[in-house]
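Trainee: Mind looking at a prediction? Sequence and model below.
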Amino acid sequence: MTDPIVVMGVSGSGKSTVGAALAGRLRVPFEDADDLHPPENVAKMSRGDALDDSDRWPWLERIGEWLADHEGGGVIACSALKRKYRDQLRHHCSSVVFLHLEGGRDVIEKRQASRPGHFMPASLLTSQFETLEPLAPDEGGYVLDVSGSIDEIVEQYVVQSRLEEES
Ligand SMILES: Nc1ncnc2c1ncn2[C@@H]1O[C@H](COP(=O)(O)OP(=O)(O)OP(=O)(O)O)[C@@H](O)[C@H]1O
Ligand SMILES: O=C(O)[C@H](O)[C@@H](O)[C@H](O)[C@H](O)CO
């Protein structure tokens, strides 16, 4: 049994890819919160407009429900850019753990550009970085550098969480 994990970060930071690999490693279910957006949110992002708080609330409610249903273990990829969004998720599931995939704009922009066919336009990356509120010290959680390979990032999480358990 593991606590449910939210893999967070800006668009293109690797949440879906790393999240799926981590769920495989931990043998728990994986969900991509991109698939929980109401169609109007996807339409808004697709035309190059950033979501605002009121667009995100109903989406976060669905993610919170998913977390509450997976208290015994699960990984969900969700931007969770602001502290108040994370607090909303904690309200649904107090045991949730956040894993922030942190990286510079250069590397993330390149990865986003090499991912054709995704609804999220690269032009929204600026607003993603502007909106991002990194994990505060009192939030706990993990911050992992996106520049490593997917396997390395998963391994770093596994090692760090084991060390934390033992301490
Ligand atoms: N650590 C990594 N090393 C190399 N490539 C990576 C890494 N992480 C992700 N990628 C690649 O970068 C691209 C973006 O990753 P991904 O779609 O997982 O990001 P995301 O944060 O889920 O984005 P979004 O929120 O926009 O859906 C993908 O093509 C993915 O294969
Ligand atoms: O909070 C947000 O602005 C959105 O959730 C985005 O982050 C998208 O879901 C995703 O990143 C698109 O690929």
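Mentor: Nice, thanks for sending it over. Residues are numbered from 1 along each chain as shown. Ligands and ions are numbered 1, 2, ... in the order given.
Trainee: Ligand 2 contacts on the chain?
Mentor: Residues of the chain lying close to ligand 2 (C-beta under 6 Å from any ligand atom) are 11, 34, 51, 56, 79, 81, 120. Every residue, glycine included, has its C-beta placed from N, CA and C.
Trainee: what do you get if the cut-off is 5 Å, keeping everything else the same?
Mentor: Counting by C-beta under 5 Å from any ligand atom, the positions of the chain adjacent to ligand 2 are 11, 34, 51, 79, 120.
Trainee: show me what contacts Val97?
Mentor: The neighbourhood of Val97, defined by C-beta atoms under 8 Å, 6 or more residues apart in numbering, consists of 3-6, 140-142, 161.
Trainee: Read off the pLDDT value for it.
Mentor: The predicted local confidence for Val97 comes out at a pLDDT of 98.
Trainee: for Ala68, same thing?
Mentor: In this model, Ala68 is scored at 98, pLDDT.
Trainee: before we move on, the earlier item: of the residues of the chain next to ligand 2, which belong to strands?
Mentor: Using DSSP state E, no member of these sits in strands.
Trainee: nearest to Gly103, of the residues you listed?
Mentor: Distances from these to Gly103 were compared by C-beta to C-beta; the smallest belongs to Ser11, at 11.6 Å.
Trainee: close enough to count as contact, that closest one and Leu125?
Mentor: Yes: with contacts counted by C-beta atoms under 8 Å, Ser11 reaches Leu125, the gap being 6.3 Å.
Trainee: higher neighbour count, the two?
Mentor: When Ser11 and Leu125 are compared for neighbours, Ser11 comes out ahead with 22 against 19, by other C-beta atoms under 10 Å.
Trainee: Give me the buried positions along the helix or strand of the chain with the lowest mean pLDDT.
Mentor: In the chain, no helix or strand scores lower on mean pLDDT, DSSP states H and E than helix 105-113, which sits at a mean of 92. Under the neighbour-count criterion of 16 or more other C-beta atoms under 10 Å, helix 105-113 has 108, 111-112 buried.
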